[in-house]
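# Sequence and predicted model, in that order:
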Amino acid sequence: MSPSLAAVVFAMGIGGLFVLDWDPRARTSKALWIPVLWFLIIGSRPVSQWLQMGPVVDSPDATLDGSPLDALVFGVLMSAGFVVLLARRQQVGKMLRSNGPLILFFFYCCISVFWSDFPLVAFKRWTKGVADLSMILIVLTEVDASAAIKRLMARMGFLLLPVSLLLIKYYEDLGRGYDRWEGTIRYTGVTTNKNTLGVICLVSGLGALWRFIESYRNGKSAVRTKQLIAQGFLLGLALWLLWLTNSMTSLSCFAMAGSLIVLTSVPAVSRSRAMIHVLVGGLLIVASSPLFLALGSGFVQMLGRDPTLTGRTEIWNLVLSLAGNPFLGTGYESFWLGQRLEKASSAFYYTLNEAHNGYLEIYLNLGWVGVAALAAIAVKGYRDILRSIRQGQDAAKVRLAFFFVALAYSVTEAGFRMMSPTWILFLLAVTAIPTASSPPTASEWHAESWRPRPMIVNPVEAKANEPIPMQ
């Protein structure tokens with residue numbers, strides 16, 4: 001099959017997945033496409049790279065200046081997102097008041113710009129970090145937050161994973177690469193490296209697993225069989241790509257987070273806080289034991305990795321020697337700039353631009369104050385997730401899975417950096433959703449997407465509270 005014909009076939013297949021998964025009862029606005037586009041760019045490549053107009057990736061000038069085209073695209077999406085949130089200011093205000101630790105964290109990040117060596121660059125990155133949060137707020141202030149999360153995950157998965165397969169099979173110059181030292185093939189798909197593709201498969205696979213279980217349990221739904229086919233295909237494709245990319249970190253995280261989704265779908269488990277504590281705590285110990293408890297090194301080697309996970313411990317020792325103020329850090333997203341970037345990279349045969357540990361990244365940039373703020377967000381978010389599970393909210397199980405993924409993935413990767421998929425989904429997981437307000441009227445259901453409308457967390461309960469029409 002020629003690449004052009006394959007592209008047509010894949011486009012028709014993607015359209016078929018959207019048709020199979022469509023649920024006419026789900027109420028979401030057109031504004032949901034703004035965070036979808038944001039996530040699609042972050043989960044693949046910058047627009048300038050797709051158009052082959054971007055700077056050299058490893059160039060220090062590119063790190064500081066970036067691409068004007070990408071800045072324009074992100075600026076347009078950020079502006080559109082803020083317009084939507086301004087129209088929904090009542091819901092947004094209520095949600096922000098329910099997420100005090102999260103707001104304090106971003107406020108501290110803004111203040112840290114003043115002691116950065118590159119304050120202008122740090123401030124630009126902070127605005128993008130705030131944009132990450134604004135995209136989450138758009139999703140969670142939809143009329144039906146659960147339906148919005150479902151459509152967000154479906155749109156991401158249906159577009160990113162099949163196109164990755166298309167590029168790997170038929171457009172090898174875009175979907176494949178070669179290790180410069182080992183000469184082995186690296187499957188990248190729509191992304192620029194195999195690890196990012198692994199994260200996208202991890203996230204999409206967890207979303208598909210959650211949707212598959214929900215559809216299977218919903219025996220009365222008219223679209224049940226179609227959704228099972230669509231989500232089952234997406235789940236299988238995600239697992240196959242995970243195995244193809246040999247991204248063992250993402251594959252291991254999928255196995256553990258997927259088990260959380262499956263087990264919390266059992267009523268006896270979801271009703272017990274103690275059982276959830278044991279599951280989450282036990283899996284986090286498993287994820288961190290090879291490095292921090294000197295356990296499981298044999299399992300790591302079985303996965304094809306050395307006990308130091310490709311020299312990560314050497315990187316940690318190096319960057320700690322370059323750390324700035326231990327309490328305040330070097331400023332928001334400012335550690336990997338200037339002389340520190342040059343000194344860190346000079347010790348390796350490539351440009352080193354991350355510590356391969358999310359917690360260490362927070363410490364380097366924001367110090368112990370930032371680590372404490374992150375811990376407060378995690379504790380508050382975890383308690384809210386448990387409350388949502390006990391209330392039977394649809395999205396609570398996948399929020400718990402994303403929460404766990406961010407914590408476990410960040411043990412060996414920079415999972416808490418702005419504009420990274422794991423960080424954005426961590427924000428989705430820990431952002432508390434206020435108690436639902438009054439149900440919308442029929443006219444509000446069909447209102448234009450930019451208008452502020454009451455947020456409903458559980459539409460079933462809302463429908464039960466609707467007034468009975470006069471005969």
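Everything's here; your move.
# R390 reaches S270, doesn't it?
Yes - judged on Cβ atoms under 8 Å, R390 makes contact with S270 at a distance of 7.2 Å. Yep, even glycine has a C-beta here, placed from its N, CA and C like the rest.
# which of those two has more neighbours?
The residue with more neighbours, out of R390 and S270, is S270; 19 against 14, by other Cβ atoms under 10 Å.
# packing partners for the helix or strand where L197 lies?
In this structure, L197 is located in helix 194-217 according to DSSP states H and E. If you count contacts as 3 or more Cβ pairs under 8 Å, 6 or more residues apart in numbering; DSSP states H and E, helix 194-217 packs onto helix 145-170, strand 185-187, helix 224-245, helix 248-264, helix 396-409, helix 421-430.
# for the first one, which positions count as buried?
Read that as helix 145-170. Judged by neighbour count using 16 or more other Cβ atoms under 10 Å, the buried positions of helix 145-170 are 145-168, 170.
# Same question for stretch 71-90.
Residues of stretch 71-90 classed as buried under the neighbour-count rule (16+ other Cβ under 10 Å) are 73-74, 77-78, 80-81, 84-85, 87-88.
# Just the ones in helices from these, please.
By the criterion of DSSP state H, membership of the buried residues of stretch 71-90 in helices covers 73-74, 77-78, 80-81, 84-85, 87.
# Kindly reformat the buried residues of stretch 71-90 as JSON lines containing pLDDT and distance to P326.
Formatted as JSON lines, the entries for the buried residues of stretch 71-90 read as follows, by pLDDT from 0 to 100; distance: Cβ to Cβ, whole Å:
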{"residue": "V73", "pLDDT": "93", "distance to P326": "37"}
{"residue": "F74", "pLDDT": "93", "distance to P326": "33"}
{"residue": "L77", "pLDDT": "96", "distance to P326": "36"}
{"residue": "M78", "pLDDT": "95", "distance to P326": "33"}
{"residue": "A80", "pLDDT": "96", "distance to P326": "40"}
{"residue": "G81", "pLDDT": "95", "distance to P326": "35"}
{"residue": "V84", "pLDDT": "96", "distance to P326": "40"}
{"residue": "L85", "pLDDT": "96", "distance to P326": "36"}
{"residue": "A87", "pLDDT": "95", "distance to P326": "43"}
{"residue": "R88", "pLDDT": "94", "distance to P326": "40"}
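# what's the spacing between A131 and F39?
Distance from A131 to F39, counting by Cβ to Cβ, to the nearest Å: 12 Å.
# With S265 instead?
Counting by Cβ to Cβ, the gap between S265 and F39 amounts to 25 Å.
# So which of those two has more stuff around it?
A direct count of neighbours by other Cβ under 10 Å for S265 and F39 places F39 higher, at 24 against 16.
# Next up, identify which helix or strand that one is on.
In this structure, F39 is located in helix 33-42 according to DSSP H and E.
# wouldn't I229 be in contact with L20 here?
Yes - proximity of I229 to L20 meets the contact threshold set by Cβ under 8 Å, at 5.6 Å.
# Let me see the contact set for the closest residue to G13 other than its chain neighbours.
Across the structure, with Cβ to Cβ, 6 or more residues apart in numbering as the measure, the residue nearest G13 apart from its sequence neighbours is P162 (6.3 Å). Contact partners of P162, counting by Cβ atoms under 8 Å, 6 or more residues apart in numbering, are 10, 13-14, 17, 237.
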